[in-house]
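Q: Sharing a sequence plus its predicted fold:
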Amino acid sequence: MDYFLQTFPQQLVNGLEAGSLYALIALGYTLVYGILEMLNFAHGDVFMVGGFLAAGVAGLFVHNGVAAVPAALVVILMVAVAMGGSGLLGVGIERIAYRPLRNANRLAPLITAIGISLLLESVVQVQISPAPVLVPSNALVSQRVLQLGNVATPFTGATLFIAALLLMVALDLFVFRTRFGSAMRATAQDREAATFMGIDVDRVIVVTFLIGSALAGIGGVLYGLRFATVDFFMGYLLGIKAFTAAVIGGIGNLRGAVVGGLLLGVLESFGGGFISSQYQDAFAFLALIVVLLVRPQGLFGQPLTDRA
Amino acid sequence: MGKPRILIFTAMASLGLAACGTSSPGGNANAPTKVQIAAEGPFTGDEASIGAGALRGIKLAVKDFNDKGGVHGTKVDLVIWDDNHKAQTATTLQAQGISDPTILGIVGPMNSSVVEASEPGLQSASPPLPFVTESASAIKVTDAGYGVAHRVNARDDKQAALDGQFMIDQGAKRVEVLDSATDYSRPLADAVQNYLKTKAPTIQVKRDSATNGQTNFSTVVTNMKAFNADWVFFADEGTETAPLVQQMKQATLQIGQNIQFLGTDGEDDPSIVTSSQGAYLGAYASNVTADPQSVSTAASFVSAYKAAYGSDAISQAGPFYGSAYAATQVLLQAIANSTVSNGKISRNDVLSHLGSDTFNTILGPIKYDNKGDVANVTIGIFQAKGTTASPQMASVKSVSG
């Protein structure tokens, strides 16, 4: 019991931090599903590419652990390049691999997405690095540990949590408070009717992929700065967990994705900390099964459109 | 003195005749027409950092062997099988070798899990395809009873005893034993846990597990801290170590100060110091093979390795570049000792020579027991020293037997 009380707050913080990354990636899954009813399985790998772009920028400016220009500038460049690169990659994937299949059997784009996912992993493995690549985070961001009583979290972990929350709020405001957000929701509700109302559906879909992929890109930067490493396989399990988070929250629902991600992170952390670390990954999927049995539509259930 | 002179003269004369002969492509009437061996390991993928250094060692060994005349004048061709640390890829690649009788043996596979999955296929091939691994240490690799199995490194039971005893000798009181849920890692962590339990029952042990490819260790580190561990034993192939030790440091568990860290083979790798941004400095790692830099008979090999791949190549070579060279020497000598009949060497003959001959390697003489294990292997413990930019693994303890 002592052990439980002593570690409970720390495991909660650990879980929220891990969960905020799941949530950030889950937003991309849920956005695309909300608009297109399509599972973009390559999304985890777009996140991975974002991480590699950030590592590339860091590698250009940091030599032997010392940044050649002000560290803040390098971080801004990492964010810009990763968001831009991942966003454009998402748009490119949509244009080349998904758009031609928009009216095909539902399985076709799903299989294509899995193909794109494997393609991205293979290209990065062969062309860039089969081994993990260092992100020199200690030359770029503070390595301070924030301590509150018994609970400690590194500055980079807290940044990940706060940045993820801010981005989620911004996305929510964009979707529910702007004119373009209305167009997105209209497209999600009825693509044909939206076209008749004068909405450029193709443009909406392109912007959806751009935003979702850019969020994955910034997720890649935050991951690199937190863990100081990126590798070609990093999007695989994280992508599956983020997808699980989106389903737990109710796929198609933005707030559901956030809650699903945080819940998943905390469940994993508690499971790993208090039951068995050997089954840590299994807890995520156990949670998925339980939620789907009890609430097949997910915790929040309503898709993107219903809050209009 | 008369006899040796006559022998030398005879040998020189026969070499001279061989050089003049044109009866076979190798320039020797007794030369095989084609000899191939395969190098197999994770040359790309999550363990490329250990595979790449080993492959360089194998290439160098084949080059040195060919420069000295090859197999009765025929140069050995090296086929490279990159199994990516995946058993399925390995068995597909090995199928090519099984069907090609000029492929006489494999140096590798490197990972125990891959070896164990490969053994039934290699043994049931006709003729069986022998292998000499430079790094697979699981007990089952040779205990499973497959005649094709040989290794130049020590087994997990020897390593577990070395690791367990080292922590006991250093005064460990509370040990967090971690594995990374692989076929390699889990049995080794079990063996160390059992050793501690048997030899030093007063030591408290907590067991935790990571997953292969994990980067977020916050849950495990929280457990470690709450347990108040003074030692961490992490049986790992090296890929998970940098993020783990870095997150330990962030949680104020500083290696060498308030906690000690002992890793295994894949962690005997100075590049982890760089990839962990210095958090790995002071950590220990045991290795199932000797460090060529501390073996006098390997001095010329170390110089040749640097000459071939650059003066800083050793720091990036990983833990198995020396054992890979030695494993290649073993296989090539067994091939050279085999009978050539109608320009061919039979894999059965190579296998029989592997079982009976004594081989001279850079790590000392090697003679196999009936399982394919070497009786006398030097293993050791190393410590990460130097700086983040220029790290090294320095030998702290070495045991033979």
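A: Perfect, I can see it now.
Q: Tell me how far A:Phe180 lies from chain B.
A: Between A:Phe180 and chain B the computed distance is 35 Å (CB to the nearest CB, to the nearest Å). C-beta coordinates here come from the backbone N, C-alpha and C atoms, glycine included.
Q: Contacts only, for that residue.
A: By CB atoms under 8 Å, 6 or more residues apart in numbering or on different chains, A:Phe180 lies in contact with A:174, A:204, A:207.
Q: Output those as JSON lines; include the columns distance to chain B and neighbour count.
A: What follows is the contacts of A:Phe180, written out as JSON lines (distance: CB to the nearest CB, whole Å; neighbours: other CB atoms under 10 Å in any protein chain shown):
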{"residue": "A:Phe174", "distance to chain B": "29", "neighbour count": "15"}
{"residue": "A:Val204", "distance to chain B": "35", "neighbour count": "22"}
{"residue": "A:Val207", "distance to chain B": "31", "neighbour count": "19"}
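Q: Break chain B down into its structural domains.
A: For chain B, automatic domain parsing gives the domain ranges B:30-155+B:295-368, B:156-287+B:380-400.
Q: What average pLDDT does the last one get?
A: Yep, that's domain B:156-287+B:380-400 we're talking about. When pLDDT is averaged along domain B:156-287+B:380-400, the result is 92.
Q: What is the end-to-end distance of that domain?
A: By CA to CA, to the nearest Å, the extent of domain B:156-287+B:380-400 from end to end equals 14 Å.
Q: Determine the number of other residues adjacent to residue 140.
A: You didn't pick a chain, so chain A it is. By the measure other CB atoms under 10 Å in any protein chain shown, the count of residues near A:Leu140 is 23.
Q: Please refer instead to chain B.
A: By other CB under 10 Å, neighbour count at B:Lys140 equals 19.
Q: Please apply the same query to A:Arg95.
A: 14.
Q: Give me the pLDDT for it.
A: Confidence score, pLDDT, at A:Arg95: 93.
Q: now B:Cys20
A: 41.
Q: A:Val62 now?
A: In this model, A:Val62 is scored at 92, pLDDT.
Q: do the same with the one 10 residues further on
A: Looking at A:Ala72, its pLDDT reads 94.
Q: What is the burial count for it?
A: The burial count for A:Ala72: 11, using other CB under 10 Å.
Q: So A:Leu88 versus chain B, what's the distance?
A: 26 Å.
Q: measure stretch B:66-75 end to end?
A: OK, stretch B:66-75 end separation, CA to CA: 5 Å.
Q: tell me the average confidence for it?
A: 96.
Q: Give me the distance from that stretch to the chain's centre.
A: How far stretch B:66-75 lies from its chain's middle: 25 Å, per CA atoms, centre = their mean, to the nearest Å.
Q: Going by residue numbers, what spans are strands in the stretch 51-200 of chain A?
A: A:62-63, A:66-67, A:133-134, A:145-148, A:151-154 (DSSP state E, counting those that start in this stretch).
Q: Mind putting the domains of chain B into CSV with distance to A:Met234?
A: Below are the domains of chain B laid out as CSV (distance: least, CB to CB, whole Å):
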stretch, distance to A:Met234
domain B:30-155+B:295-368, 11
domain B:156-287+B:380-400, 7
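Q: which stretch among those comes nearest A:Thr7?
A: Set against A:Thr7 and scored by CB to CB, the domains of chain B come closest in domain B:156-287+B:380-400, at 4.7 Å.
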